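Enquirer: got a sequence here, can you build the structure:
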Amino acid sequence: MSTGLHLNSHADDNAVAPHRRSLLAAAAAALLPLPALAQAPATGARIPRNVVATVAMVGDAVREVSAGRIAATTLVGEGVDPHLFRPTRADIARLLGADAVFGVGHRLEGRMGDVLERVRAAGKPVVLMAETLPREQLLANEDYPDAADPHVWMDPTLWGNAAGSLLPPLATIAPELREGMADGLTQFRARCARLDAYARDAVATVPEGARVLVTAHDAFSYFGRRYGLEIESIQGLSTEAEANLAGIEALVAKLVARRVPAVFAETSVPDRAVRALMEGAAARGHRVALGGNLFSDAMGRPGTYLGTYEGMMDHNITTIMRALGGRVPPRGLYGRLAA
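Expert: Got it, this is the predicted structure:
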């Protein structure tokens, strides 16, 4: 793009007087189109810190709280199930070499537990966000009595509260960002509050008899508790548990008896068992629709709206409420979802 300003490109440019270089830079900036100026990050350049997050939801919270200044390396990527994720040697090296490690805890990262303990033993900050919340606010984990249900991000209010645990370690490794991080946390919690209000308004439009959320595995209990939905799942809290025929048959009977309109697959879990539910209900004369794919233990593609916590939850809320008969905007809370 031509700015209309022609700068001398000869070798003696480096000898241009400092005040002249400043004037030239200012003139060039003044001629940039407004959209280009708007793309410049208001919070400044990223701070090079070696921060590792176990899952994308945590990495997004680190980015938000640091006002976009710290980007965490995320181990478990798009569409990958953290319950089954086994870190490679390279992943272990990243964890052990990190300035700080952030995760969820309560056995979500069960196969990383030993490595996280090694990082902690080396004196590095290791923060497991769900484990910083009061236990009385958490749901039980039937698979592991020593842990709680780890899927706390499904309740935006809980997730906003848990994000406060990021401030002390981030302020330790990047003290120059301390004041900005307090603002980042406030803004992140405000976005969580908007998601919460959106979900509350949307669920109020769903017929009471249809407020049943059937998913591939039990990742939505906090969502159900917060918004008054009955939760049914084929697998337990961990996808390591196998779906059994008796459980599927019992769920089919409930779908038919309650005339549940839709069931939901998950982006990080195979949909075979969900489709078996649909086929079983159809065999009994009740058509159940596939309400859509929900983000449960992983977010969307990095760099997209669905690759943010806000986009993930906007998608889930909009998809669930629409499929259950509620009234929601065609493209979600901010008009950013695909129609």
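Enquirer: and the strands in the stretch 151-300 of the chain, which stretches?
Expert: Assignment of strands within the stretch 151-300 of the chain using DSSP state E, counting those that start in this stretch yields the ranges 212-217, 230-235, 262-266, 289-294.
Enquirer: kindly reformat the ones you listed as a markdown table containing distance to residue 104 and mean neighbour count.
Expert: Backbone N, C-alpha and C define where each C-beta goes, glycine included. Converted to a markdown table, the strands of the stretch 151-300 of the chain look like this (distance: least, C-beta to C-beta, whole Å; neighbours: other C-beta atoms under 10 Å):
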| stretch | distance to residue 104 | mean neighbour count |
| --- | --- | --- |
| strand 212-217 | 15 | 23 |
| strand 230-235 | 18 | 20 |
| strand 262-266 | 17 | 23 |
| strand 289-294 | 18 | 18 |
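Enquirer: need these in TSV with mean pLDDT, can you?
Expert: Formatted as TSV, those follow (pLDDT from 0 to 100):
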stretch	mean pLDDT
strand 212-217	89
strand 230-235	87
strand 262-266	93
strand 289-294	95
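Enquirer: using JSON lines, please lay out those together with distance to residue 45.
Expert: Listed next are the strands of the stretch 151-300 of the chain as JSON lines, based on distance: least, C-beta to C-beta, whole Å:
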{"stretch": "strand 212-217", "distance to residue 45": "40"}
{"stretch": "strand 230-235", "distance to residue 45": "43"}
{"stretch": "strand 262-266", "distance to residue 45": "37"}
{"stretch": "strand 289-294", "distance to residue 45": "36"}
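Enquirer: got the end-to-end distance for stretch 282-301?
Expert: Length of stretch 282-301, first residue to last, C-alpha to C-alpha, to the nearest Å: 34 Å.
Enquirer: just stretch 297-315 next, same as before
Expert: Stretch 297-315 has its terminal residues 14 Å apart, counting by C-alpha to C-alpha.
Enquirer: quick one: contacts of it?
Expert: Stretch 297-315 is contacted from outside by 55-57, 60-61, 64, 74, 76-83, 108, 151, 153, 156, 159, 191, 195, 198-199, 219, 239, 266-269, 294-295, 332-334, 336-337, using C-beta atoms under 8 Å, 6 or more residues apart in numbering.
Enquirer: what's around residue 85, how many residues?
Expert: Residues lying near residue 85 (other C-beta atoms under 10 Å) number 22.
Enquirer: need the nearest residue in space to it, chain neighbours excluded.
Expert: Spatial nearest neighbour of residue 85, excluding adjacent residues (C-beta to C-beta, 6 or more residues apart in numbering): residue 76 at 5.0 Å.
Enquirer: how is the chain partitioned into domains?
Expert: If you go by automatic domain parsing, the domain ranges for the chain are 51-199, 206-323.
Enquirer: rank the ones you listed by pLDDT, which is bottom?
Expert: Here the domains of the chain differ in mean pLDDT, and the lowest is domain 206-323 at a mean of 89.
Enquirer: from the chain's centroid, how far away is that one?
Expert: 17 Å (C-alpha atoms, centre = their mean, to the nearest Å).
Enquirer: one step back: for residue 318, find the nearest of the strands of the stretch 151-300 of the chain.
Expert: Closest of the strands of the stretch 151-300 of the chain to residue 318 is strand 289-294, at 9.1 Å (criterion: C-beta to C-beta).
Enquirer: so what does the closest one touch, helix or strand wise?
Expert: Judged by 3 or more C-beta pairs under 8 Å, 6 or more residues apart in numbering; DSSP states H and E, strand 289-294 is in contact with strand 262-266, helix 272-283, helix 309-323.
Enquirer: what is the residue nearest to residue 85 paired to in the beta sheet?
Expert: residue 55 (DSSP bridges).
Enquirer: which of the helices and strands packed on strand 289-294 sits closest to residue 289?
Expert: strand 262-266 (4.6 Å).
Enquirer: circling back to that earlier point, which ones are touching the residue nearest to residue 85?
Expert: 54-56, 82, 85, 297-298.
Enquirer: quick check, nearest of those to residue 187?
Expert: Proximity of the contacts of residue 76 to residue 187 was ranked by C-beta to C-beta; the top entry is residue 56 with 19.2 Å.
Enquirer: what count of nearby residues applies to the closest one?
Expert: By other C-beta under 10 Å, 27 other residues sit near residue 56.
Enquirer: now it: how far from residue 200?
Expert: Distance, residue 56 to residue 200, by C-beta to C-beta, to the nearest Å: 25 Å.
Enquirer: what does residue 296 give?
Expert: Separation of residue 296 from residue 200 (C-beta to C-beta): 21 Å.
Enquirer: which one of these two is surrounded by more residues?
Expert: A direct count of neighbours by other C-beta under 10 Å for residue 296 and residue 200 places residue 296 higher, at 28 against 13.
Enquirer: residues contacting the nearest residue to residue 112 once chain neighbours are set aside?
Expert: Distances taken as C-beta to C-beta, 6+ apart place residue 87 nearest to residue 112, at 5.6 Å, with adjacent residues excluded. Residues in contact with residue 87 (C-beta under 8 Å, 6+ apart) are 75, 95, 111-112, 115.
Enquirer: are any of these buried, and which?
Expert: Neighbour counting by 16 or more other C-beta atoms under 10 Å classes 75, 95, 112, 115 among these as buried.
Enquirer: secondary structure class for the third one?
Expert: Right, the one you point to is residue 112. The three-state assignment at residue 112 reads helix, by DSSP: H, G, I helix; E, B strand; the rest coil.
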